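Visitor: output the structure for:
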Amino acid sequence: MKKHIVILLFLGIFWTQAQTTEYNTKVNQPYYSTAINQKDAYIKERCVLDIYYPTNQKNFATIVWFHGGGLSGGNKYIPEALKNKGVAIVAVNYRLYPKVKSPTYIEDAAAAVAWVFNNIESLGGDARSIFVSGHSAGGYLAAMVGLDKRWLATFNIDANKIAGIIPFSGHTITHFTIREERGIDGKKPIVDDLAPLYHVRADAPPLLLITGDRELELLGRYEENAYLMRMMKVNGHQHTQLLELDGYGHDMTEPGFPLLLNEINRVLKNKP
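Guide: Below is the predicted model:
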């Protein structure tokens, strides 16, 4: 009987905390310096982010979320399924093809992640609990920033400080828009230094790969991610997982969001 009372009290405390957490949203925050923004109207327009964060909670985790759209379309948004979960969400816009070409997209993604590292603690967050994620092109950017250390190094940040990399249906080969820039057909796979697969390494942050059903996904997207998982493990990485969402195609974000939150909880629970 006493055990049941303790459990009920615990659940009551948890429910009360969940109910009383308050959130605020800041919109269109530039992530490049004022000097850079003033030099380029397109940077001023696109290189901004929105921040949804708890206001009466400290040391919260943060999800940096990159939208999809093939590196040529799309806009930042804060997923409804991630709201009211005790975490901050940073939704990022970045410059798009054909107004810019590679590696500008990755540079913008790294600049946004660097901004979060440098500013999230001023909002009450924990810079040791920053996760990068995104769907499709956004998943590609999350993987590139997390696996290829040179992009964050430009901002004097070690990519290994990222708490977890969680791409949704992201390219792991060189992105098809980057291949289009070079006149290469989208059905011809390329793996070069602009492919996450090129940067497999044992010391990377925890990596959770999520895709739709291999028979319903875009061309080879599941198989790309399966190969990245295998090569990460071959190279000695201890924390790579791949989850395939049976019955879902490329638009698989909604069933993927609970898996993202579960991974964050898993990583935080096992954090030293």
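Visitor: how far away from the center of its chain is the strand or helix carrying residue 223?
Guide: Per DSSP states H and E, residue 223 falls inside helix 221-234. Offset of helix 221-234 from its chain centre (Cα atoms, centre = their mean, to the nearest Å): 18 Å.
Visitor: now do it, average pLDDT.
Guide: For helix 221-234, the mean pLDDT works out to 98.
Visitor: and that helix, what does it pack against?
Guide: Here helix 221-234 touches strand 207-212, strand 240-245, going by 3 or more Cβ pairs under 8 Å, 6 or more residues apart in numbering; DSSP states H and E. Yep, even glycine has a C-beta here, placed from its N, CA and C like the rest.
Visitor: pull the residues that contact the first one.
Guide: Where contact means Cβ atoms under 8 Å, 6 or more residues apart in numbering, the residues beyond strand 207-212 that reach it are 143, 146-147, 164-170, 172, 217, 221-222, 225, 228-229, 232, 237, 239-245, 248-252, 256, 259-260, 263.
Visitor: ok, now with 7 Å
Guide: For strand 207-212, contacts defined as Cβ atoms under 7 Å, 6 or more residues apart in numbering pick out 164-169, 217, 221-222, 225, 228-229, 232, 237, 239-245, 248-250, 252, 256, 259, 263.
Visitor: restricted to buried residues, select those residues in PyMOL.
Guide: Here is the PyMOL command that selects the buried residues among these (16 or more other Cβ atoms under 10 Å):
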select buried, resi 164+165+166+167+168+169+217+221+222+225+228+229+232+237+239+240+242+244+245+248+250+252+256+259+263
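Visitor: CA atoms of stretch 150-159 as CSV?
Guide: This file holds the C-alpha atoms of stretch 150-159, laid out as CSV (Å, rounded to 0.1, in the frame of the first residue of the first chain):
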residue,chain,number,x,y,z
ARG,A,150,35.3,21.4,-39.8
TRP,A,151,32.0,23.3,-40.0
LEU,A,152,31.6,24.0,-36.3
ALA,A,153,35.3,24.4,-35.9
THR,A,154,35.0,27.6,-37.9
PHE,A,155,33.1,28.9,-34.9
ASN,A,156,35.6,27.5,-32.4
ILE,A,157,33.1,24.7,-31.3
ASP,A,158,33.9,21.0,-31.1
ALA,A,159,31.2,19.1,-32.8
